[in-house]
Each structure stands twice: as structure tokens, then as C-alpha cells.
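Trainee: below is the sequence, then the predicted model.
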Amino acid sequence: MDHQQNLTPASELAKKNIVRFPNESYEYRLAREALLAEEIDLRRHIERVAEQRRALPPGGIVPKEYQFVGEDGPVVFSDLFGDKETLAIYSYMYGAQREQPCPMCTSLLSAWDGEAADVAQRIALVVVARSPIERLIAFKKQRGWQHLRLFSDIRGDYTRAYVHAEDANIPAFNVFTRRDGAIRHFWSGEMGFQTADPGPDPRGAPDLMPLWTILDSTPEGRGGNWYPKLHYPA
């Protein structure tokens, strides 16, 4: 993280920007330059946080070979790694108690489906839910997902250990490592209602949804009077 101490101040970099647009005012450019400096600082802060995350001490040993059912049949936890040393698991809000899956989770996973093949070059990425695998496969086909790997935690042991002790219907994102013969928990998104700031809906950082990256770039922003849909007109 020391290399960032020698970087040119963000405000100086922002002054070097030569981008201009038709008919923009002096006031707009002045405000945009100030914003650009903040955006540069944000980029650097994201990089610092990522470095700090990568430097975490070893996490706890995964206590057992959790059992799942995948699209090709039963598997155990270590199988989810495939030939990779890192495994990321998204816990999908689609338990047996739900008639339909969570629209927000579905929006996220729809975006990830397009990235899954690229992600698979570096790590293993899977989606786990508490519904039977047949139900998950049916929705995957309905949604048109091509690349996401779905697994059913039908017993709920993994979910209770790494998502919620009471097997609550909540999402989670966990990362695990397989190094030197040991499978360990590496990191989890631990932000929730207890760590939320007043006003906005509870959200994590980094924010995993490309949807928000797009909307945060617009004057409308994220808004508070709409929600992603499970189905849209063809």
C-alpha cells in the first residue's frame, strides 16, 4: 500500500484533464474538475481497500465437507473449487419458502452471468440457494442464464454456517481459499442493517451490482420508488 503515498495529488491530476464538451460553461468545468479529483481519490481508496483485503490473515478452516446438489448431481464443498484455488459463493435468496426468487439478487446474477466465463479464468464462482436443484434449473432456463453454476444447499448446513445461523432468507457473498491442503474462509461481505448509514437502503462496499454503477453516473441516481423485475415484456 506504500506506493500510493508517492502518487501525484488528485487535484493536480484533475487539472491535467483536457476533456471538454460542446457549450459547457465555466461553472460546469470548474465543478467537474473538483468532482474529477474526488473520483480519482475514490479510485485510489478502492485500490487501497482491495490491497488491505488481500492482506487479511488466514481465515478459519472450513469445518466440514458441506454437501450440495448441482445440475449434474451431488457434490461436496471441495468439488466447487474445480481446478481453482479460490472459490466465490453467492447465496441466492430463493429458498423453498419463496414463491419467486429475490428480484434484486436476480438482477445481480443476470449481470454476472455475462461475466461468469471471464471470472472463471481466475477463480471458481458458484451460486447456492436453499431451493431444490430442479427449481433452480427451471428458473435459470426461464431467465436465460448460460454460464452461472447453480447448486442447492438442500440440507442448509452451509447456509447456517456462512450466511445466517437461523437459516434466514438473506443474501451473502463469501470467498474461500484452498492453499497448502487447507480450505479456509477468506472474506465475506459483512455489511448489513447494523452497519448501515441513515437514509440510503443498506448497502455493502464494494457494491457488487453493475446496475448501481450505471445509475450512480446519472442525475436520477438509484432512486427509491422502483425495484428490478423478474419479468419484462419481450
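Mentor: Received, thanks.
Trainee: any idea how far residue 206 lies from residue 53?
Mentor: 9 Å (CB to CB, to the nearest Å). Heads up, the C-betas are built off the backbone N, CA and C, glycines and all.
Trainee: residue 63 now?
Mentor: Using CB to CB, one obtains 23 Å as the distance from residue 63 to residue 53.
Trainee: let me know the secondary structure of residue 90.
Mentor: Three-state call for residue 90 (DSSP: H, G, I helix; E, B strand; the rest coil): strand.
Trainee: where does pLDDT dip in the protein?
Mentor: When residues are selected by pLDDT under 70, those of the chain lie in 1-4, 191-193, 195, 197, 199-205.
Trainee: could you list the domains of it?
Mentor: Following automatic domain parsing, one gets these domains for the chain: 1-55, 67-188.
Trainee: where exactly do the strands run in the protein?
Mentor: With strands called from DSSP state E, the chain shows them at 67-70, 73-76, 86-91, 124-129, 150-152, 172-179, 182-188.
Trainee: would a markdown table of the ones you listed with mean neighbour count and distance to residue 139 be doable?
Mentor: As requested, these are arranged in a markdown table below (neighbours: other CB atoms under 10 Å; distance: least, CB to CB, whole Å):
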| stretch | mean neighbour count | distance to residue 139 |
| --- | --- | --- |
| strand 67-70 | 19 | 15 |
| strand 73-76 | 12 | 19 |
| strand 86-91 | 21 | 15 |
| strand 124-129 | 23 | 9 |
| strand 150-152 | 24 | 9 |
| strand 172-179 | 18 | 19 |
| strand 182-188 | 16 | 25 |
